[in-house]
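A.B. asks: Pasting a predicted model and its sequence here:
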Amino acid sequence: MVGREQDCVKHVYDICFEGTTRTQDGQCYTQTEWENFCTHYGCLTQEDYLGYDMLLGMCKCKVDDLEEICDLECRLAQRYSVEFICSDPPVVRLNWYSDNYQVDIPVSSLTRVINARNSIMSDSCSALDGSSEPIHMVEMSSNGFLGVYEPDMDQTLSLLTDNMKGALNISRVSTSSSSSRRLLSVSVGRYQNMTHRSRRLMGNSFLPGSNYLGIDNPTVCLKYGELMFFSVSNDYYPVYDRDNLYNTNDQFDYGGFRELQEAQALIGTETTLFSYKFRDPGVYAFYMSTNKDRKMYVRVMAESAQCSEDGPFFPTTPRYIIQNGISIEQDILLTPDWVLIASMLAGALFIMILLVIAW
């Protein structure tokens, strides 16, 4: 129940009577209430409001065109721009594909990253065999979540070095056959930009100075065990929406998100990076710390299963919600219908009185 996160108690929801439909938060809305909520809260602006879907319990809002921001070829090409390499020792690798070089950052220097020990340390590797997995970037701002496509490598490197522990060496590796490997000594927050490239204007970040582009408040499909990096602040960070009716796994271990909330809200940490490895198949809803109406939905596939479409970030529309197998939980506890119960008892009493009189 709300405010009793440690108790194993199921929510009890009101019955939605005729003329109302249930939201993903469990409330019953009339058409007028739906329109008011979606117009003023659910969509980013009033002009974005298009309607609502009563079966999915969601607002229908204008969204950016995924194909314009990053089409299929783009999504496949950028998938390993940031990756976790299970080498000995493990590293986070940034790839400048257009300039033919990489930067490797030992994960041992990233212990300041919130939840790093549970997501990007050697224990997260089944073997230190050089295998790799993508790291998907999400930026938090006053606008909510931004699922980043084609992350700006200079900005990403700066984000990582800002969250390193002290001054250290990282390796810059040329991917061209004629170049050799060399080490670059950097201090936290002092790494100079290596490249500059033009960026499109669609789906741009709401954070001043950020070059990230992507999908606002997305629906996400991840393969089993995939990693996400969240760029966060003390004001803006993701919170697990544990009472959302889209959630499918009551056993989801969201301890990393509780740790993040404590670090940002109570401690006021200077750390601006949070990592999480999604090992639990299911559907999970998250909201932005300062606005519960800015949400991100994550579908985690079972082992060896594939997403229906290469992403991982999709606009939150009824099509992509359904495509990723997301729907409102129907097996919920409802409050007793006291009107119906009272009517039945009154009817039974009336029949008993008639029988007594007749006898």
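C.D. replies: Perfect, thanks for sending it. Numbering: from 1, shown residues only.

A.B. asks: Every contact and neighbour count from this point should use C-alpha atoms.
C.D. replies: Fine.

A.B. asks: Can you show me the helices along the protein?
C.D. replies: 31-37, 66-69, 72-78, 153-162, 255-261, 318-323, 338-358 (DSSP state H).

A.B. asks: Pick the most buried one from those.
C.D. replies: helix 153-162 (a mean of 20; mean count of other CA atoms under 10 Å).

A.B. asks: so which of the helices of the chain comes closest to L110?
C.D. replies: Counting by CA to CA, L110 lies closest to helix 153-162 out of those; the figure is 7.7 Å.

A.B. asks: Which strands and helices lie in contact with the closest one?
C.D. replies: Under the contact criterion of 3 or more CA pairs under 8 Å, 6 or more residues apart in numbering; DSSP states H and E, helix 153-162 touches strand 91-96.

A.B. asks: can you do 10 Å?
C.D. replies: Helix 153-162 is packed against strand 82-86, strand 91-96, strand 101-106, strand 227-231, strand 273-277, with contacts defined by 3 or more CA pairs under 10 Å, 6 or more residues apart in numbering; DSSP states H and E.

A.B. asks: so it versus strand 227-231, what angle?
C.D. replies: 80 degrees (axes from the mean of the first three to the mean of the last three CA atoms, to 10 degrees).

A.B. asks: Rounded mean pLDDT for helix 153-162, please.
C.D. replies: Averaging pLDDT along helix 153-162 yields 94.

A.B. asks: Got the domain ranges for the protein?
C.D. replies: Domain assignment for the chain by automatic domain parsing gives 12-62+332-358, 66-323.

A.B. asks: most packed of those?
C.D. replies: domain 66-323 comes out most buried of these by mean count of other CA under 10 Å, with a mean of 18.

A.B. asks: And it, how far out from the chain middle?
C.D. replies: 10 Å (CA atoms, centre = their mean, to the nearest Å).

A.B. asks: first to last residue in that domain, what's the distance?
C.D. replies: With CA to CA, to the nearest Å as the measure, domain 66-323 spans 15 Å from end to end.

A.B. asks: Equivalent analysis for stretch 63-74, please.
C.D. replies: Calculated as CA to CA, the first-to-last residue distance of stretch 63-74 is 19 Å.

A.B. asks: pLDDT (mean, whole number) over that stretch?
C.D. replies: In this model, stretch 63-74 has an average pLDDT of 94.

A.B. asks: sorry, back to before: let's have the helices and strands packed on helix 153-162 in a markdown table, adding mean pLDDT.
C.D. replies: What follows is these, written out as a markdown table (pLDDT from 0 to 100):
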| stretch | mean pLDDT |
| --- | --- |
| strand 82-86 | 96 |
| strand 91-96 | 95 |
| strand 101-106 | 92 |
| strand 227-231 | 97 |
| strand 273-277 | 97 |
